[in-house]
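Novice: Give me a 3D structure for the following:
(2 chains)
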Amino acid sequence: MIVEELKKAISEAVKNLGVESPKVELEHPAELSHGDYSTNIAMASAKLAKQKPRDIAERIVAELQKNLPTGVEKIEVAGAGFINFHLKKEFFADAVKDIDGNFGKNQSFAGKKVMVEFTDPNPFKEFHIGHLMDNAIGESVARIFEFHSATVKRACWQGDVGMHVAKSIWGYRKEEETENTAQAWGKAYARGSEAFETDEAAKKEITTLNKVIYEKSDSEVNKLYDSGRQISLDYFEEIYRRVGTKFDHYFFESKEGVEGKKIVEEFLKKGVFEQSEGAVVFKGEQYGLHTRVFINSQGLPTYEAKELGLNKKKFEVEKDISLSIILSANEISEYFKVLLKVMSLVYPPIAAKTKHLSHGFLKLSEGKMSSRKGNVITGEGLIQQVKQLVFEKIKEREMSEAEKETLAEIVAVGAIKYSILRQAIGGDIIFDFDKSISFEGDSGPYLQYSYVRAKSVLAKAEAESIKGNPVLPKEWETTVLEKLLYRFPEVVERAGTELEPHYVTTFLTELAGVFNSWYAGGKIVDATDPASPYKLALTEVFVTTMENGLWLLGIKVPERM
RNA sequence: GCGCCUAUGGUGAAAUGGAUAUCAUACCUGCCUUCGAAGCAGAUGUUCCAGGUUCGAAUCCUGGUAGGCGCACCA
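Specialist: Okay, the predicted model is just below:
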């Protein structure tokens, strides 16, 4: 590996100078003109040596020149004392040669199992664009772990009991003729919530109904409950299919709540929880957190207790989980700190392996979206709207209706996922339909288009029977494309360590830009050009990288567009 | 009130304590008789404020300001 070679050479050079120095760090400079790798070792050791950084840098370089590491074209001192390494064109050609379908994968989680819990929509409520955001991030995180060779188990945690269900069923019964569809249940929830907040009598009815649902004591309610629940779940399944997620495990609050309540009761005796105002609570203040209710005064488990049951259950259904990730919006971050504290007191080994990953909020420019108020954009609605724009764009194309339909779906879902995965996961996205979903510039379709275009170059080459060959042509000037391509595995690795899919998005966007620019600069397939086979090999490798990178983002690639 | 998070061109974002802060969009100017113009090339414009740490700060620390979220039986 070039990095290890360079590091070794640098530390030896530094040692030969008798300069004391900290650990050698290599990085890619922000600008390619500054070389392929750079080190700030001279600045870092200048203080220890009581010398000028630039002088040290000059002497290190002189030392390195005596025995230039393989693969290095030239070494320069720049700026305050940076040492920049420019690699040889052969290095890049070698890197290109090694790229295959596994490009970007590493072994860091080989033999380890990771569970990722995400999406988590609640039956009886809308599947809104916030769920779409959670899904896009969660699916990408799962795929990134798969590229780290982990066995990944996707889990979906669904609230099929609780106050929201009572509100929905109450709201459903209020309306005389209500269709049994997911949309109708979503509206019923809004009705129930409204009444709960404004009407005291309704509030009482709903609270009672909640208990009835838990106890399954009313057969008419049970019937409504069963059919409404199934309608929601079927509806969700259809969305998962469209966005490309397959869950391994579905967990339900109705089930895990029972176990969770038992855990709370057991640890109430052990003093972890205490009784307060008829409820069972955890006093978080002693840990700098706040108090939360685990069993309410009706004797029903709250979300906290259910989670306690859930996280134990995860480690029962899947043996040997190394890492259990829970994805959610950051509105419940504080709550999760309390939960993780309780978990560390109740079952420390599980708590130690559980990590809460919180992402920002997807909200509308006119304010917070709330399914209680009914001002939500549903996930399905958004996909439909974006699809319409795609249809508009391709209406003149010579394609069958079926082909247009498939293409519109792929482009629409890709555009949405890109708009979510382009930024660090902590930040909110103020959703504005016209601005948030783009087809040009930094966008999903830009990546898809670049890919499709490269594929058609390959198709042309095949038609003209020109084959790709990664052997360097005689006169060759290294392209920016080559200088970026070999970095892809590093990007994937970093995305995994930091749990940040957007590193992949940023890299692919830059790569596609570089490819497009190169593409516009001259012909790739050209029988009269001796460099054509190498150019083709580069194009092939670009296609492979885009395929793998887009897969990591959960973005599908069309054949034509 | 207390706690957590955030603040980067007009707008949306990126940046491992590093070099002249990078993209996109919008606006303006060119390029389809090259392998797909959902593209390419060019022009304009940016780190909330005040201190501090550091050879070096958008990044770390302190104090402000502005915004978001949370703070007992919703999830």
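Novice: Which helix or which strand is home to the closest residue to residue A:510 other than its chain neighbours?
Specialist: In this structure, residue A:510 finds its nearest non-sequential neighbour in residue A:484, 6.6 Å apart by C-beta to C-beta, 6 or more residues apart in numbering. Using the backbone N, CA and C atoms, a C-beta is placed for each residue, glycine as well. Element membership for residue A:484, per DSSP states H and E: helix A:480-485.
Novice: And the contacts of that helix?
Specialist: A:32, A:36, A:89, A:92-93, A:95-96, A:99, A:507, A:510-511, A:514-515, A:517-518, A:538, A:541-542, A:545 (C-beta atoms under 8 Å, 6 or more residues apart in numbering).
Novice: which of those residues come close to RNA strand B?
Specialist: residue A:517 (C-beta under 7 Å from any atom of the strand).
Novice: Buried ones from the contacts of helix A:480-485, can you make that a PyMOL selection?
Specialist: A single PyMOL command selects the buried members of the contacts of helix A:480-485 (16 or more other C-beta atoms under 10 Å):
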select buried, chain A and resi 36+92+93+95+96+99+507+511+514+515+518+538+541+542+545
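Novice: The contacts of helix A:480-485 in helices, which ones?
Specialist: Residues of the contacts of helix A:480-485 located in helices (DSSP state H): A:89, A:92-93, A:95-96, A:507, A:510-511, A:514-515, A:517-518, A:538, A:541-542, A:545.
Novice: where's residue A:64 relative to residue A:11, distance?
Specialist: 11 Å (C-beta to C-beta, to the nearest Å).
Novice: Contact residues of the stretch 1-150 of chain A facing RNA strand B?
Specialist: A:27-31, A:34-35, A:38, A:40, A:43-44, A:46-47, A:53, A:78-80, A:82, A:84, A:122.
Novice: Please repeat the previous calculation with a cut-off of 10 Å.
Specialist: A:22, A:25-31, A:33-35, A:37-47, A:52-53, A:76-85, A:120-122, A:125 (C-beta under 10 Å from any atom of the strand).
Novice: So if I had to pick from residue A:64 and residue A:11, which one is more boxed in?
Specialist: residue A:64 (21 against 14; other C-beta atoms under 10 Å).
Novice: ok, the more buried one - contacts?
Specialist: A:9, A:10, A:13, A:75, A:83.
Novice: Just give the nearest non-adjacent residue to the residue of the stretch 101-250 of chain A found nearest RNA strand B, would you?
Specialist: Here the stretch 101-250 of chain A gets closest to RNA strand B at one residue, residue A:162, 2.7 Å apart by C-beta to the nearest atom of the strand. With C-beta to C-beta, 6+ apart as the criterion, residue A:162 has its nearest non-adjacent residue at 6.2 Å, and that residue is residue A:253.
Novice: gap between the one you found and RNA strand B?
Specialist: 6 Å (C-beta to the nearest atom of the strand, to the nearest Å).
Novice: Tally up the residues packed near that residue, please.
Specialist: Residue A:253: 24 neighbours (other C-beta under 10 Å).
Novice: Residue A:493 now?
Specialist: 18.
Novice: Which secondary structure state does it sit in?
Specialist: helix (DSSP: H, G, I helix; E, B strand; the rest coil).
Novice: residue of the stretch 251-400 of chain A with the smallest distance to RNA strand B?
Specialist: Counting by C-beta to the nearest atom of the strand, the stretch 251-400 of chain A gets nearest RNA strand B through residue A:296, at 2.4 Å.
Novice: do the same with the stretch 301-450 of chain A
Specialist: residue A:441 (1.9 Å).
Novice: That residue - that's part of a helix, no?
Specialist: No - according to three-state DSSP, residue A:441 belongs to no helix; its state is coil.
Novice: For it, grab the count of nearby residues.
Specialist: The burial count for residue A:441: 9, using other C-beta under 10 Å.
Novice: per-residue confidence at it?
Specialist: In this model, residue A:441 is scored at 92, pLDDT.
Novice: Longest helix of chain A, counting residues only.
Specialist: helix A:219-243.
Novice: Just list what the helix or strand just after that one packs against, helices and strands only.
Specialist: Downstream of helix A:219-243, the next assigned helix or strand under DSSP H and E is strand A:249-252. The contact analysis (3 or more C-beta pairs under 8 Å, 6 or more residues apart in numbering; DSSP states H and E) places strand A:249-252 against strand A:151-158, helix A:303-317.
Novice: All set now, cheers.
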